[in-house]
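S.K.: I'll drop the sequence and a predicted model, then ask my questions.
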Amino acid sequence: MDAVNKSQIREYLIELSMEPHMAGLERDEYLAKWIESEWNAAGLDSVKVEGYSMLLDYPNKDKPNYVTVVDKNGEIVYQSHYKEEGVDDPNFVNAFNAYSKNGTAEGLPVYVNFGTIEDFQFLKDTFGEEITQDKICLARYGAIYRGNKAENAYQFGCSGLVIFMDPSTVAREGTDEEHVFPNTFWMPGTAVQRGSLSMSDGDPLTPNWPSMDNAYRLDEADREAYLPKIQVQPIGYTDAEQILNKMAGDAAPAEWQGGLNITYKIGGNFTDAYEGCKITIEVNNMLQQRVSSNVIGIIYGEVEPDRYVMLGNHRDAWGFGAVDPSSGTAQLMEVVRVLGEKKKTGWRPRRTMMFLSWGAEEFSLCGSREFVEQYEIELSERGVGYVNTDICMVGPILYPTASPTLGDLIVEATKDVTSPVNDDESYYDFWKKWSEAGENFAPEVSPFVGAGSDHATFLFYAGVPVMDIMFEADEKLYPDMSGYPAYHTGFETFDLVDKVYDPGFKVFGACSQLNLRLGLELAESEKLPITLENYADVMEDGMVTLEENGVLNTLE
């Protein structure tokens with residue numbers, strides 16, 4: 001554990017977040033080769049780069065996407081930013097949602113809160129189903145996956161969807177300059193969250209089979225089942241305000257009100273001053289088949305080489321990606337370096353350890369999905385466990401999730417990890433003090449790992465138990481905070497991490513130590529450290545929940 005070097009992790013992050021590196025583009029493929037070189041230098045037994053040709057989506061640099069308010073004469077009243085103000089890198093991607101339908105949608109605006117089914121149903125029940133028919137719907141980011149927002153909008157008849165970042169989630173302390181980045185981690189008004197809308201994991205052209213060179217691929221008509229059917233475009237809250245403040249209609253419910261200094265209205269029309277106006281969404285994205293590469297590094301086991309302990313993280317980012325995913329990649333690089341040094345002394349783990357850098361995760365877990373589809377039988381029969389760290393840290397508090405069989409390992413492992421506050425105490429001690437629970441301290445390791453990162457296909461497709469590690473914001477200081485404000489924006493930079501989130505890289509050190517400790521326990525224990533009875537407990541609790549909610553009755 002003491003061999004983990006925080007300064008080295010910082011150096012890794014500088015390289016990883018130096019330039020934008022979207023999947024399939026030159027910089028991300030360069031980083032794949034760089035990781036291959038670093039892992040070879042560390043002394044791994046085998047390192048290879050394996051790519052898949054997949055259907056990816058990119059904005060058109062020469063024809064940016066816009067959300068525009070136009071008057072009855074077709075004149076522009078207001079037009080959105082196509083990327084963040086102050087982000088000047090020529091390779092930084094314009095704002096877009098991958099796999100949106102191309103073309104132009106138009107209509108009158110309707111505010112749909114978070115765009116959940118419940119939100120749309122409320123509008124239908126209150127105002128009639130015509131309230132969203134052929135309208136441009138505006139939804140806040142949050143509550144559900146953006147792809148579900150797009151699907152819900154389509155099902156309820158919206159002609160297009162605008163998804164906006166709201167100050168209630170990304171600028172809670174105010175929108176003045178001193179309250180936002182670079183002075184804090186809260187976001188300025190032109191920050192825009194990019195992201196995929198795909199409703200299936202992996203390459204949309206090869207659902208449930210690997211994208212090998214000679215594999216059958218869906219044609220344009222068949223793949224429509226997996227891709228959005230309306231135009232969708234993200235914007236920041238500066239742009240959102242200029243649309244919302246022109247909308248008429250009833251005031252939205254209190255719980256639908258956001259963080260802008262206006263009354264959020266349902267809409268369905270514009271105010272008298274903007275009578276005759278409409279909104280257009282112009283999407284000019286480009287679907288392209290491109291190769292995105294995985295990097296696979298291996299230290300072969302001495303006693304059980306046919307049993308695989310896997311640690312992984314994706315590499316591609318929508319922009320600079322200093323948090324997502326490069327914080328996870330940087331700590332993984334350090335785990336490999338430390339184990340490489342140990343291997344040079346003659347050490348070898350009992351079981352094979354595999355280190356995995358995924359490509360094209362941001363498009364819908366593509367790299368890991370294709371890998372598992374290709375090697376499904378081998379992984380399902382030989383996989384001991386997979387430890388995923390998509391985002392290493394956006395705060396000091398560990399909120400782990402794990403398959404029930406592996407969940408007991410995490411809390412005990414933190415006793416061997418250094419506190420980010422005091423080098424003389426363990427993370428467990430820090431965690432216990434923070435909880436203020438005293439001797440009743442019993443941190444939860446949730447068995448509900450979700451499906452939002454690269455662990456998903458290992459668990460739900462190949463049946464390999466998983467752990468997902470992330471250090472998050474202190475909920476006592478920032479209650480009900482989900483994720484982090486800079487997520488997928490142009491401000492997710494090295495400076496944000498180095499100056500705001502983790503000066504000194506102390507949380508990074510704890511993250512890397514925890515990955516190292518868990519990986520070694522899975523690889524070195526003479527008896528596999530799994531607890532099968534935990535699965536029975538979770539299943540029993542699940543059946544009780546289904547029964548209490550009347551679900552079982554509907555199955556009879």
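M.R.: Nice, thanks for sending it over.
S.K.: use CA for all of it now, contacts and neighbours both
M.R.: Fine.
S.K.: Strands along the stretch 201-350 of the chain, start to end?
M.R.: With DSSP state E, counting those that start in this stretch as the definition, the stretch 201-350 of the chain shows strands at residue ranges 231-235, 278-283, 286-299, 304-314.
S.K.: Please work out which residues outside the shortest one touch it.
M.R.: Contacts of strand 231-235 with the rest of the structure, by C-alpha atoms under 8 Å, 6 or more residues apart in numbering, involve 65-67, 80-81, 95-97, 100-105, 150, 159-165, 190-194, 281-283.
S.K.: what about this protein, any weak spots by pLDDT?
M.R.: Under the criterion pLDDT under 70, the flagged ranges of the chain are 556.
S.K.: repeat that for 90
M.R.: Residue ranges of the chain with pLDDT under 90: 1, 223-226, 480, 482, 535, 546-556.
S.K.: thinking again about what came up before, now, of the contacts of strand 231-235, which are buried?
M.R.: 65-67, 80-81, 95-97, 100-102, 104-105, 150, 159-165, 190-194, 281-283 (16 or more other C-alpha atoms under 10 Å).
S.K.: got the contact list for stretch 31-45?
M.R.: Contact partners of stretch 31-45, identified using C-alpha under 8 Å, 6+ apart, comprise 16, 46-49, 293-295, 297-300, 315, 333, 336-337, 340-341, 343-344, 357.
S.K.: Give me the buried entries from these.
M.R.: With neighbours counted by 16+ other C-alpha under 10 Å, these contain buried members at 16, 47-49, 293-295, 297-300, 315, 333, 336-337, 340, 343, 357.
S.K.: What residues does residue 87 make contact with?
M.R.: Taking C-alpha under 8 Å, 6+ apart as the contact definition, residue 87 lies against 490, 491.
S.K.: picking that back up, could you tell me which of the contacts of strand 231-235 are located in strands?
M.R.: In strands, judged by DSSP state E, the following of those are found: 66-67, 97, 103-105, 160-164, 281-283.
S.K.: With respect to residue 263, which of the residues you listed is nearest?
M.R.: Nearest to residue 263 among the ones in strands among the contacts of strand 231-235: residue 164, at 16.0 Å, using C-alpha to C-alpha.
S.K.: Can you name the residues bridging to the closest one?
M.R.: residue 140, residue 235 (DSSP bridges).
S.K.: so who does it touch?
M.R.: Going by C-alpha under 8 Å, 6+ apart, the list of residues near residue 164 reads 138, 139, 140, 141, 192, 234, 235, 236, 237, 240.
S.K.: Tell me who's in contact with the second one.
M.R.: Shown here is residue 139, whose contacts under the criterion C-alpha under 8 Å, 6+ apart are 111, 112, 113, 114, 115, 149, 161, 162, 163, 164.
S.K.: ok, now with 6 Å
M.R.: Contacts were defined as C-alpha atoms under 6 Å, 6 or more residues apart in numbering; by that measure residue 139 touches 112, 113, 114, 115, 163.
S.K.: Distance of residue 151 relative to residue 284?
M.R.: In this structure, residue 151 and residue 284 are 20 Å apart, going by C-alpha to C-alpha, to the nearest Å.
S.K.: wait, residue 554
M.R.: As it turns out, when the distance is counted by C-alpha to C-alpha, residue 554 lies 45 Å from residue 284.
S.K.: more neighbours, those two?
M.R.: Neighbours per residue (other C-alpha atoms under 10 Å) separate residue 554 from residue 284, with residue 284 holding more: 22 against 7.
S.K.: before we move on, back to that, wait, which of the ones in strands among the contacts of strand 231-235 is closest to residue 543?
M.R.: Looking at these and their distance to residue 543, the nearest is residue 163, at 36.3 Å (C-alpha to C-alpha).
S.K.: how near is that closest one to residue 502?
M.R.: With C-alpha to C-alpha as the criterion, residue 163 and residue 502 are 30 Å apart.
S.K.: And residue 539, by the same measure?
M.R.: The separation that residue 539 has from residue 502, given C-alpha to C-alpha, amounts to 38 Å.
S.K.: what about the two, which has more around it?
M.R.: Neighbours around residue 539 and residue 502, counted as other C-alpha under 10 Å, are more numerous at residue 502. The numbers are 18 against 13.
S.K.: got a list of what the more buried one touches?
M.R.: Contacts of residue 502 (C-alpha under 6 Å, 6+ apart): none.
S.K.: Just read off the phi/psi values of it.
M.R.: phi -150, psi 60 (degrees, to the nearest 10).
S.K.: between the contacts of residue 139, which is closest to residue 10?
M.R.: Distances from the contacts of residue 139 to residue 10 were compared by C-alpha to C-alpha; the smallest belongs to residue 163, at 33.8 Å.
S.K.: Would you check how far apart that closest one and residue 547 are?
M.R.: For residue 163, the distance to residue 547 (C-alpha to C-alpha) stands at 36 Å.
S.K.: what about the helices in the stretch 201-350 of the chain?
M.R.: Taking DSSP state H, counting those that start in this stretch, the helices of the stretch 201-350 of the chain run over residues 220-223, 237-244, 326-343.
S.K.: Kindly report the same for the stretch 401-550 of the chain.
M.R.: In the stretch 401-550 of the chain, the helices defined using DSSP H, counting those that start in this stretch lie at 408-413, 427-435, 455-460, 494-495, 506-524, 533-548.
S.K.: now, of those helices, which is deepest in the fold?
M.R.: Highest mean neighbour count of those: helix 506-524, a mean of 24 (counted as mean count of other C-alpha atoms under 10 Å).
S.K.: Identify all contacting residues around that one.
M.R.: Surrounding helix 506-524, the residues in contact under the criterion C-alpha under 6 Å, 6+ apart are 1, 6, 331, 335, 349, 350, 351, 417, 418, 420.
S.K.: can you put these in TSV and add neighbour count?
M.R.: Compiled in TSV, the contacts of helix 506-524 are given as follows (neighbours: other C-alpha atoms under 10 Å):
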residue	neighbour count
1	16
6	19
331	32
335	26
349	21
350	19
351	24
417	25
418	25
420	22
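S.K.: now these in TSV, with distance to residue 269?
M.R.: Formatted as TSV, the entries for these read as follows, by distance: C-alpha to C-alpha, whole Å:
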residue	distance to residue 269
1	61
6	55
331	51
335	56
349	66
350	67
351	64
417	57
418	57
420	52
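S.K.: nearest to residue 487, of these?
M.R.: When the contacts of helix 506-524 are ranked by distance to residue 487 (C-alpha to C-alpha), residue 331 comes first, at 18.9 Å.
S.K.: roughly how far apart are the closest residue in space to the closest one that isn't next to it in sequence and residue 177?
M.R.: The shortest distance from residue 331 to any residue that is not its chain neighbour, by C-alpha to C-alpha, 6 or more residues apart in numbering, is 4.8 Å, and that residue is residue 512. Relative to residue 177, residue 512 is positioned 34 Å away (criterion: C-alpha to C-alpha).
S.K.: Repeat that for residue 521.
M.R.: 47 Å.
S.K.: what's the answer for residue 491, then?
M.R.: Applying C-alpha to C-alpha, the value for residue 491 to residue 177 is 14 Å.
S.K.: Which of those two has more residues huddled nearby?
M.R.: residue 491 (27 against 13).
S.K.: Give me the distance between that one and residue 95.
M.R.: With distances taken as C-alpha to C-alpha, residue 491 is found 13 Å from residue 95.
S.K.: Over to residue 297?
M.R.: 34 Å.
S.K.: export the helices of the stretch 201-350 of the chain to TSV and tack on distance to residue 230?
M.R.: As requested, these are arranged in TSV below (distance: least, C-alpha to C-alpha, whole Å):
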stretch	distance to residue 230
helix 220-223	14
helix 237-244	19
helix 326-343	32
